[in-house]
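K.L.:
Please find the sequence and the predicted model below.
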Amino acid sequence: MDMLRDKIEKILDEVRAAVLACSGSAAILDVRVKYLGKAGAITELKKGLRDVAAEERPAFGALINDAAGEIESIIESKLSEIKLKELNAQLESEKIDTSVPSYFFGGHSGGYGGTGQVGKADKTNSGVVSSGVASLPLGSYHPLTLVREKMVDIFLRLGFEVKDGPEIETDYYCFEALNIPKDHPARDMQDTFYIQSKSKEKLVLRTHTSSVQIRTMLSEKPPLKIVVPGKVYRADHSARHSPMFSQLEGLVVDKNVNLQDLLGVLSLFAKELFGADTKIRFRPSFFPYTEPSVEVDMVCIFCAEGSRCLVCQNSGYIEILGAGLVHPKVLANCGIDSKVYSGLAFGVGLERVAMLLYGIPDIRMLFENDVRLLRQFV
Amino acid sequence: MRVPVSWLKEYVKTNLTAEAIAERLTSVGLEVDGVEYAGGQIGGIVVGKIESVQKHKDADKLLVCMLNVGCKDNLVQIVTGAKNVSVGDLVPVALDSATIANGKQIFAGEIRGAKSYGMLCSGDELGITECDYLGAGADGILILNSANIPKADLSKHLKVGECILKVLGRDEYVLDVSVLANRPDCQSVFGVAREVSAATNSKLKELDVSFATDKSLRVAQKIINECLTDCSSYTAHFVDNISVGNSPKWLKHHLKNVGVNSINNIVDISNYVLFEVGQPLHMFDADKIDGAITVRRAREGEKFVGLGGDTGVKLTLSKEDIVIADDKKILALAGILGGLCSSVSATTTRVVIEAANFSKALVRKTSRRLGLSTDSSRRFEKGVDNTSVEIGLNRALHLLQKISPGAKISAARTQVATKPKKASLVYALADIEKKLGISIKADTQIKILNSLGFGANITSCKTKINCIIPHYRQDIETYEDITEEIIRIYGFEKLVPTLLANSCISLGKNLPANNKMAELKVKLIAKGFLETITYSFISEKDLANLGMSADFINNNTIHLQNPLTEEFQVMRPTLLASLLKVVASNLSKRNLSARLFEVGKTYLPSKASGEKVASQKTKGQFELPTENKKLIFLEYGAGADFFSVKSVLDTISDVFGVRYKVVDNVNTAENSYFHPYQSASIVLDCASNKDSASKKDCDRNKDSVSSKDRATNKPTSLGTIGTIHPSTLQNFGINVRVVVCEICLDTLFASANKAVAFSPISKYPSVQRDLSFILKDTIRAGDVIDLLEQIKTEKYNNILQDITLQDIYKGEQIKEGHKSFMFNFTFNSLQRTLKDAEINEAMGVVADSLVKTYNVEIRDA
């Protein structure tokens, strides 16, 4: 018995020494085979049990089994220690520079991130190829789209319905039905683009989205509450005027629409668009299709104390849109009884608002589509 | 329009400053764009009297003057190089730190050792010419007392030490007023004064229009007004015994401040009345008129020499122009320009003075055609009324007698179409309240209307107001017009914002197409596309650059009648040219690559465009040209890639649930801008879509597209995709690859069939199988996929889940003209774990079909 104990102690010492000497998980497994395997030292001891007296066998067996358990645990503990080491080494080998910009690993798509070059095949310092999709830079809305969506959103919340209509219009919808007389300067070739056509009816590029007012009033019955965003055209080209620009037209026709409603709708519109502190004022104006007509000014939001304001020229106000109550003749042209119904209408230029909101100095920049400008609106 | 404040104050009593008047005017609708100081930058220049003149000790050409500039005990020493000064002269003296007209500052200093505390000024240095002030054009210093001021009056007119701007009538503020198109009555100092009076509640002084006629005199000339519709009123007086000379200072100053040069007292009067009353007048030298005065249309090609420059302005007229003529020649281009041959000169002693009302439309047409816009034409264009014609004429005659006291005035000769009638209007107080949303007392309304010249009073029932519309307010027709008059004077600031409190409730609603568009744009932006917006018009050259022939362009596009330039001549039939131009311009700015997109319309002539739609009764219903909503997206740069763009097309296809197919050979004779081997047309794939709803959409789409397509059972076209042809790129000056996809959004949106619904997910493991085979290079992958999908649909829909093309290989081990495909098949069942045998069987069927249909050689199973 004592002899066995000594043997076991010796084996355990050997195992401890062998395990200590191991540096990799493979060597450890060799140790396990050497002592616990088919021809292992412990197995040999177990085989030796046959020679032990029957009554002593259980005690001897227990001693050997304990030794086997001990060896297993020595190996296991070393094995997990080594595995942890190996894992840590692997992780360390996977170290990346997290500050490298994502576009660098963009593969093909990285070419559109502004670097002007297409990604290299082996753009990795980790063996893990980064996916192109993840590093794809965002595109952007055109500033005019941003402005239009902002405006449309405000009017949707106010319960307006969005409409649209043709850009190539008849003279009737663009002018005549809107109470713009035949000899009105707006109809001059100098201001309006005419379409070459052999037909009798003059076709024009609509000069305002107001033509859709007429189309809607003729096809639908009041109450009406619509906004019409769209492209319009006038024969003018300068830093402030573009031959093509965008408007958003609004029209409400109902039984009790009045000038205070116009003020209410436009006040909320201005506050939502330019900020909660925005104040507006009405100034008398003239449009053939509204009466009374007003110009809507916003208290200049750019004026800084003491310096000359380039936006409002120190007047303190910025003109933002034209509006009014729908002219009774316009209602009559659309078969709406102006004794029963009244209407309000307004039209705002999107380019001007975009220029104000984003500080764009020249309207032409909005149509140049320089990638460097477009990317600013991501 | 320039309105000098001192002139304004001759008619309206107010102590308000120029700025305050400007603010009030703007708030009542006469927008004041600016308030300008007439003196400009001039400052620190005063009247000085030369007390002594000595030669400079060290310079022969310089004089040293001692001047009295108002401080008696302290004379100021100034050195001048001018020769025209002598003791006793009154001269403009720019003192130390003064500013002269060109903005230059004058400082005290030393000239050749002699102190000089300023500078004596010439007319030029004060920004004036001979016609502003006699002597201003002289070589040297402006001698203020040189000209026609009598010695006795000197001290009255010129005080030593006085600011020079006062002397020149330039110590004055001038308002720059914008007059609205409906307010021609405000195109004059008096008209603006009337508004100021109403806006500031101050009294308006009447115009003095009194003059004496000499009954013995008659207008020698007969007046023949040939067309009363062209000229609804024509009046002339004959004035004898006038003396042409210089205008008085007050008249010159006012004219200078509105920007008009003084010519002589007679011509100045017509200009003065033009600005003061707004009525254009004309003076003819009576001795230069032969026979009767006729108002008529010019004959086509008739020649006329108008006033302007030394030799006049030579014009060729048309029968659209109204002229004033005598028996032999044209005297004036009506309402626009006087003639050289009949103009008033220094020797004129008798004039015919004309006041008329010419058709605003004709004056405008002539003025535009000849490119001739004058103060007179601008007023006629906006319109004058016949009563104002008379007032203006009388005012001129009053001034004529005042300035040229011996002038004898004949009775008038007049031709008037209709005597102006007094118009009146009755409105209900309730109507005004309904329009405004607030109630304004009847008394207040009457007061406002009367201040604007309306004779207003309340009717006996107390609920209505009766008002007489003044002759100069032809814009007032209905109570809505009155509403505006009342609220603009009462003040818009008194309105309280409300939110359609008495109207129907409504829910905001966007157009379905707009919602879809928003969805589309979000995806494109997520894919890195930048949105562009380009002009709807392009040049013929842009289209020619795409390969279109001149004939094709002429017959298939919409042209503008009056384009701004050739660049903007054609309404674009495609978005491609616009975007290629954007690419080119970005490349020129070294923006070497990008993904771009635009959503916009293209325009095509419809055959019947502009023709009346027969079934429609409503006015203005005409067949219009076709406008199609298009989407274009592209990738440009060295790495631009067909399949990178196609993947975006797939995204769009997924977003809207619209299946598509590509068909090769997209280029046609007129659209040959694609790389012939890297392009395709995109058509709706109706067949592969089992969904009945979507099939219906397809069919409906076919209906809407064209009857011809339907008849030939041609698939509905969705758009095109491809690499742009190198020759086309060269036409646009592009030196990198461009891959483009253009899609018809109307078709896409109409076919959209995206129903979000759950389908069950199998809990059993799926099995992957690969199949490689060699086939002829000419066989399209799409056709192979179609076959595989067909097998799947017909036989194995319940176990075959997915078929994907994994690899395409050409080269070693593959024979010439062939390629190898590898497909991956995913098998899965919702009910059970699949057995090898059934999968093997399916793969066998697949392989057999491939062999049978495309004669492929299976590489391994």
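P.N.:
That came through fine. Numbering: from 1, shown residues only, chains lettered A, B, ... in the order given.
K.L.:
Now do the contacts for residue 340.
P.N.:
Going with chain A. A:Val340 makes contact with A:Lys255 under the criterion CB atoms under 8 Å, 6 or more residues apart in numbering or on different chains. Placement of C-beta: from N, CA and C, glycine included.
K.L.:
my bad, the chain I had in mind was chain B
P.N.:
Neighbour list for B:Leu340: B:305-307, B:312 [criterion: CB under 8 Å, 6+ apart].
K.L.:
For stretch B:172-184, which residues meet the burial criterion?
P.N.:
In terms of neighbour count (16 or more other CB atoms under 10 Å in any protein chain shown), stretch B:172-184 has its buried residues at B:172-175, B:177, B:179-184.
K.L.:
Neighbour count, pLDDT and secondary structure added to the contacts of B:Leu340, as CSV?
P.N.:
Compiled in CSV, the contacts of B:Leu340 are given as follows (neighbours: other CB atoms under 10 Å in any protein chain shown; pLDDT from 0 to 100; DSSP: H, G, I helix; E, B strand; the rest coil):
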residue, neighbour count, pLDDT, secondary structure
B:Val305, 16, 94, strand
B:Gly306, 22, 93, strand
B:Leu307, 18, 91, coil
B:Gly312, 17, 88, coil
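K.L.:
tell me the domain boundaries of chain A?
P.N.:
Here the domain parsing of chain A from automatic domain parsing is A:2-93, A:102-135, A:143-377.
K.L.:
Name the stretch among those that sits most buried.
P.N.:
Of all the domains of chain A, domain A:143-377 has the most neighbours on average by mean count of other CB atoms under 10 Å in any protein chain shown, namely a mean of 19.
K.L.:
For it, give the distance from the opening residue to the closing one.
P.N.:
Its start and end residues considered, domain A:143-377 measures 7 Å (CA to CA, to the nearest Å).
K.L.:
Likewise for stretch B:329-341?
P.N.:
Start to finish, the residues bounding stretch B:329-341 are 9 Å apart (CA to CA).
K.L.:
Any stretches of the stretch 401-550 of chain B with poor pLDDT?
P.N.:
The model of the stretch 401-550 of chain B has no residue with pLDDT under 70.
K.L.:
Let me see the ranges of the strands in it.
P.N.:
When secondary structure is read from DSSP state E, counting those that start in this stretch, the stretch 401-550 of chain B shows strands at B:408-409, B:413-416, B:423-428, B:455-458, B:464-469, B:529-531, B:537-538.
K.L.:
elements contacting the fourth one?
P.N.:
Counting contacts by 3 or more CB pairs under 8 Å, 6 or more residues apart in numbering or on different chains; DSSP states H and E, the secondary-structure elements packed against strand B:455-458 are helix B:442-451, strand B:464-469.
K.L.:
A:Asp236: which of these is closest?
P.N.:
strand B:464-469 (35.3 Å; CB to CB).
K.L.:
And the contacts of the closest one?
P.N.:
B:422-429, B:442, B:445-446, B:449, B:454-459, B:476, B:482.
K.L.:
Mean neighbour count added to the strands of the stretch 401-550 of chain B, as JSON lines?
P.N.:
What follows is those, written out as JSON lines (neighbours: other CB atoms under 10 Å in any protein chain shown):
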{"stretch": "strand B:408-409", "mean neighbour count": "18"}
{"stretch": "strand B:413-416", "mean neighbour count": "18"}
{"stretch": "strand B:423-428", "mean neighbour count": "15"}
{"stretch": "strand B:455-458", "mean neighbour count": "16"}
{"stretch": "strand B:464-469", "mean neighbour count": "19"}
{"stretch": "strand B:529-531", "mean neighbour count": "25"}
{"stretch": "strand B:537-538", "mean neighbour count": "25"}
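K.L.:
Could you dump these into a markdown table with distance to B:Lys249 added?
P.N.:
Compiled in a markdown table, the strands of the stretch 401-550 of chain B are given as follows (distance: least, CB to CB, whole Å):
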| stretch | distance to B:Lys249 |
| --- | --- |
| strand B:408-409 | 24 |
| strand B:413-416 | 34 |
| strand B:423-428 | 42 |
| strand B:455-458 | 39 |
| strand B:464-469 | 39 |
| strand B:529-531 | 64 |
| strand B:537-538 | 55 |
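K.L.:
how close does B:Asn797 sit to B:Asp654?
P.N.:
For B:Asn797, the distance to B:Asp654 equals 21 Å [CB to CB, to the nearest Å].
K.L.:
same check, this time on B:Ile761
P.N.:
If you measure B:Ile761 against B:Asp654 using CB to CB, the figure is 19 Å.
K.L.:
Also A:Val371?
P.N.:
Taking CB to CB as the measure, A:Val371 falls 27 Å from B:Asp654.
K.L.:
Near B:Arg218, how many residues? Count them for me, please.
P.N.:
By the measure other CB atoms under 10 Å in any protein chain shown, the count of residues near B:Arg218 is 11.
K.L.:
hang on, isn't it packed against B:Ala411?
P.N.:
Yes - counting by CB atoms under 8 Å, a contact exists between B:Arg218 and B:Ala411, whose distance comes to 7.1 Å.
K.L.:
Kindly reformat the helices and strands packed on strand B:455-458 as CSV and extend each row with distance to A:Leu356.
P.N.:
Rendered in CSV, the data for the helices and strands packed on strand B:455-458 read as follows (distance: least, CB to CB, whole Å):
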stretch, distance to A:Leu356
helix B:442-451, 35
strand B:464-469, 40
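K.L.:
and B:Glu130, which of the ones you listed is closest to it?
P.N.:
Here helix B:442-451 is closest among the helices and strands packed on strand B:455-458 (CB to CB), at 43.6 Å.
K.L.:
close to chain A, is that closest one?
P.N.:
No - Helix B:442-451 does not reach chain A (CB under 8 Å from any CB of the partner chain); its nearest approach is 12.9 Å.
K.L.:
That helix vs strand B:464-469, what angle?
P.N.:
For helix B:442-451 against strand B:464-469, the angle by axes from the mean of the first three to the mean of the last three CA atoms, to 10 degrees is 0 degrees.
K.L.:
Now do helix B:442-451: everything it contacts.
P.N.:
Outside helix B:442-451, the residues within contact range by CB under 8 Å, 6+ apart are B:197-198, B:201, B:429, B:432, B:456-458, B:462, B:465, B:467, B:482, B:485-486, B:489-490.
K.L.:
ok, back up a step: which residue of B:Ile761 and B:Asp654 possesses the greater neighbour count?
P.N.:
A count of neighbours by other CB under 10 Å puts B:Asp654 above the other of B:Ile761 and B:Asp654, at 12 against 7.
K.L.:
so what's that one scoring on pLDDT?
P.N.:
In this model, B:Asp654 is scored at 91, pLDDT.
K.L.:
That one should be in a helix, yeah?
P.N.:
Yes - according to DSSP: H, G, I helix; E, B strand; the rest coil, the state of B:Asp654 is that of a helix.
K.L.:
so who does it touch?
P.N.:
Taking CB under 8 Å, 6+ apart as the definition of contact, B:Asp654 has no neighbours.
K.L.:
Among the buried residues of stretch B:172-184, give me the pair with the biggest separation.
P.N.:
Of all pairs drawn from the buried residues of stretch B:172-184, the widest gap by CB to CB lies between B:Glu172 and B:Asn182 and measures 29.5 Å.
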